[in-house]
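Student: no FASTA, just this:
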C-alpha cells in the first residue's frame, strides 16, 4: 500500500424548467471540481525506491524527500451541459443539447532515468477542453414509428474525449425508428 491520498471536491448545479404549457423544456447543469493529491511521490510503484532495491541493487537517490501535495490536473475542473426540447405539436420533438469540459492531462510514470536516479513524469495524453453541440428532430407518425434527423458535434470539434479514444467528427443522420 502507498501513502497517496486523493481528495476530490466538487459541486453540481442543475435546474429543470418546463415552460409554455410544457412545450419547452430546459435543463442546464454545471459541475465545478478540484482534485488534490496528498503524499504523492513518483517513486511509489518503482523498484529501487523507498528502500526496495531494484534488479542489480540500484536505488534512486533523494526519493524519500520527494513526497508532495499538489492540485491535480488529471480531471477537468469544469464540465456541464444543457438540453433544450421544444414540442410545438404532440408528434414533433425538436431538441438541442450541448456539453462542455475544460482541459485535463493524464500522466504516466513509465520512464525512469537510471543515470540521474529519478523517475521522469511524462504526459500520456492531453485532452483539450471543448464544447459539443447536438440536435435532434423527430416526428412520431405513430406510437411505434418515428422519422428523425440527428446531428452530432455540429461545430466539428474534432479531438478525442478521453485517453486513447478516437476523434469525434461531426455526424448528420437521418433514420426511421420502428418499435414492435
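Tutor: Okay, I see it. This structure is a prediction, so every number in the text was calculated from the model and none was measured.

Student: partner strands of the longest strand along the chain, with direction?
Tutor: In the chain, taking DSSP state E as the definition, the longest strand is strand 24-40. Note on strand 24-40: by DSSP bridges, its sheet partners are strand 5-14 (antiparallel), strand 17-19 (antiparallel), strand 68-72 (antiparallel), strand 78-86 (antiparallel).

Student: next, the buried residues of it.
Tutor: Buried residues in strand 24-40, counting neighbours by 16 or more other Cβ atoms under 10 Å, are found at 25, 31, 35, 37, 40. For every residue, glycine as well, the C-beta is placed using N, CA and C.

Student: among the strands paired with strand 24-40, show me which one is buried the most.
Tutor: Highest mean neighbour count of these: strand 78-86, a mean of 17 (counted as mean count of other Cβ atoms under 10 Å).

Student: quick one: buried residues of whichever helix or strand comes after that strand?
Tutor: Scanning forward in sequence from strand 78-86 by DSSP states H and E, the next helix or strand is strand 92-101. By neighbour count on 16+ other Cβ under 10 Å, the buried set for strand 92-101 is 93, 94, 95, 96, 97, 98, 99, 100, 101.

Student: chain center to strand 92-101: distance?
Tutor: Distance of strand 92-101 from its chain centroid, counting by Cα atoms, centre = their mean, to the nearest Å, is 18 Å.

Student: name the helices or strands packed onto it?
Tutor: Contacts defined by 3 or more Cβ pairs under 8 Å, 6 or more residues apart in numbering; DSSP states H and E place strand 92-101 against strand 78-86, strand 130-142.

Student: turn those into CSV, including distance to residue 173 and mean pLDDT.
Tutor: CSV is the format used below for those (distance: least, Cβ to Cβ, whole Å; pLDDT from 0 to 100):
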stretch, distance to residue 173, mean pLDDT
strand 78-86, 18, 96
strand 130-142, 10, 95
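
Student: which residue is the nearest non-sequential neighbour of residue 145?
Tutor: When the adjacent residues along the chain are set aside, residue 145 lies closest to residue 178, with 5.9 Å between them (Cβ to Cβ, 6 or more residues apart in numbering).

Student: the closest residue to residue 26 other than its chain neighbours and residue 82, how far apart?
Tutor: Using Cβ to Cβ, 6+ apart and skipping the chain neighbours, the partner closest in space to residue 26 is residue 17 (4.7 Å). Counting by Cβ to Cβ, to the nearest Å, the separation of residue 17 from residue 82 is 11 Å.

Student: quick one: contacts for residue 104?
Tutor: Residue 104 sits next to 73, 74, 75, 76, 77, 126, 127, 129 when contact means Cβ atoms under 8 Å, 6 or more residues apart in numbering.
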